[in-house]
Every structure is written in C-alpha cells, then in structure tokens.
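Novice: coords please:
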Amino acid sequence: ADAAGRVELFNAAAERILGIASEDVIGEPVDQLLPRLAQVDELNQPDESHADAGRTMVGPFEVEAVRRDGTEVPLELVVSRSLLRSGTRQGRRSGETVEHRVFVHTFRDITETRQAAQALKQSEERWKFALEGAGDGVWDWDIANEKVFYSRRWKAMLGLGDAEVGDTAGEEVSPANPPA
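Specialist: Numbering: from 1, shown residues only. Have a look, this model is predicted:
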C-alpha cells in the first residue's frame, strides 16, 4: 500500500485467499479488505528500531479480512513499513533523491490453524472429563521434554496434594517418599 493506505500491488496468493481479483482492489483503501486493521495498536505506534534503515516491521498478529462474498477469513499479518529512496528520475534534477513510503502487508490464511487448535482444545476437554469421571489415576511422561503429568486423582490415590508433586521427570514420588 502507498502512504495514503491505497493498494498498489496485489499478488495471486492474495487473490486466492480473499477471492478478489487484483484489478478490483488496486487503488482501493486497504481497510476495505482489512476493516479492523485500524484497531491494531502495533500499527499506530511506529517501531523506531529500524528507523535509520528507513524500515520497520510490526506483527505478526491476527486480523479478520473480508472476502469478496462478504465472509470473513482469519489472517496472520505482518506489516513492513519502508521508506524507499531512489536516485534521479526522469524529469528530476541530477542527484535529487526521491522518497516513497510503502507498506507491505504479508499475510496467510490461518483458518485451518484455528480449526486445529479448537479441535485440540475440545479433545483435551473430553479427555479431561473422561479421566475425571472414571476415577482413575493416570500419569503421562513426555520423554522428549523430561516432563511428567500426574492427574489429580493419581496424586490423591497416593495421599498427595495437587501442589505437592512437580512435573519433572526423575522426581521420585510415592506415599513412602513424598516430595520435599
């Protein structure tokens, strides 16, 4: 987008994700595609860390975009702000520098990621419900991360409180050897 927030370029991936042809958005305000973009605080507070290079980047963060058919699509968005400097242009005096501020919006559709996260959350909730309802004590050892999960019921069966048992592998826990 240009400094006024109008779309200058729109690639094939953006066309596919948003269901809009590039010729329909070139010259249009970015906020028509990303109506909630103005609510993203990071975009309204410029990062000065790359100011000398004439470039800043904010994100990633999640926003909703509006497709041509009016449906919303969740996106992960990164916005790069750049100040492009170039040498002489036709019609300019020799040696004159021309500056042009641009905003590059890079995004990806996170619909499947959100769906997977929701499915995982539901699965974990069902597992927890089934576990608590069965009255069984279980533990799960994550060998790669050297962590152990002990259910509340497992701890109670050993006469231990919830906070008395850590999650570190190798920690010996039993009624005869309670944690320190």
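
Novice: use CA for all of it now, contacts and neighbours both
Specialist: OK.

Novice: can you give me the end-to-end distance of stretch 59-72?
Specialist: Distance across stretch 59-72, first residue to last, is 20 Å (Cα to Cα, to the nearest Å).

Novice: how about residues contacting that stretch?
Specialist: The contact list for stretch 59-72 (Cα atoms under 8 Å, 6 or more residues apart in numbering) reads 17-20, 32-37, 42, 73-79.

Novice: which ChimeraX command selects the buried ones in those?
Specialist: To isolate the buried members of the contacts of stretch 59-72 in ChimeraX, using 16 or more other Cα atoms under 10 Å:
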select :18,20,33,34,37,42,73,74,75,76,77,78,79
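
Novice: need the helix or strand of the chain with the lowest average pLDDT.
Specialist: Lowest mean confidence among the helices and strands of the chain (mean pLDDT, DSSP states H and E): helix 41-44, at a mean of 57.

Novice: quick one: mean pLDDT for whichever strand or helix holds D24?
Specialist: Using DSSP states H and E, D24 sits within helix 22-25. Mean pLDDT, computed over helix 22-25, is 90.

Novice: what's A116 sitting at in phi/psi?
Specialist: Torsion angles at A116 (phi, psi; degrees, to the nearest 10) stand at phi -70, psi -40.

Novice: residues contacting it?
Specialist: Counting by Cα under 8 Å, 6+ apart, A116 has no contacts.

Novice: what score does it have for pLDDT?
Specialist: In this model, A116 carries a pLDDT of 96.

Novice: D167 too?
Specialist: At D167, pLDDT is 80.

Novice: could you do I143 as well?
Specialist: pLDDT, read off for I143, is 89.

Novice: residues near the closest residue to it other than its chain neighbours, how many?
Specialist: Of all residues not flanking I143 in the chain, A169 sits nearest, at 7.9 Å (Cα to Cα, 6 or more residues apart in numbering). By the criterion of other Cα atoms under 10 Å, A169 has 14 neighbours.

Novice: what does E64 give?
Specialist: Residues near E64, counting by other Cα under 10 Å: 19.

Novice: remind me which residues of the protein are low pLDDT?
Specialist: By pLDDT under 70, the weakly predicted segments of the chain are 36-55, 86-97, 170-180.

Novice: circling back: now the element after the least confident helix or strand of the chain, going C-ward?
Specialist: strand 55-66.

Novice: the nearest residue to L77 once chain neighbours are set aside: what's it in contact with?
Specialist: Sequence neighbours aside, F107 is the residue nearest to L77 in space, at 4.4 Å (criterion: Cα to Cα, 6+ apart). Residues near F107 by Cα under 8 Å, 6+ apart: 75-78.

Novice: what about F107, distance to S80?
Specialist: Distance, F107 to S80, using Cα to Cα: 11 Å.
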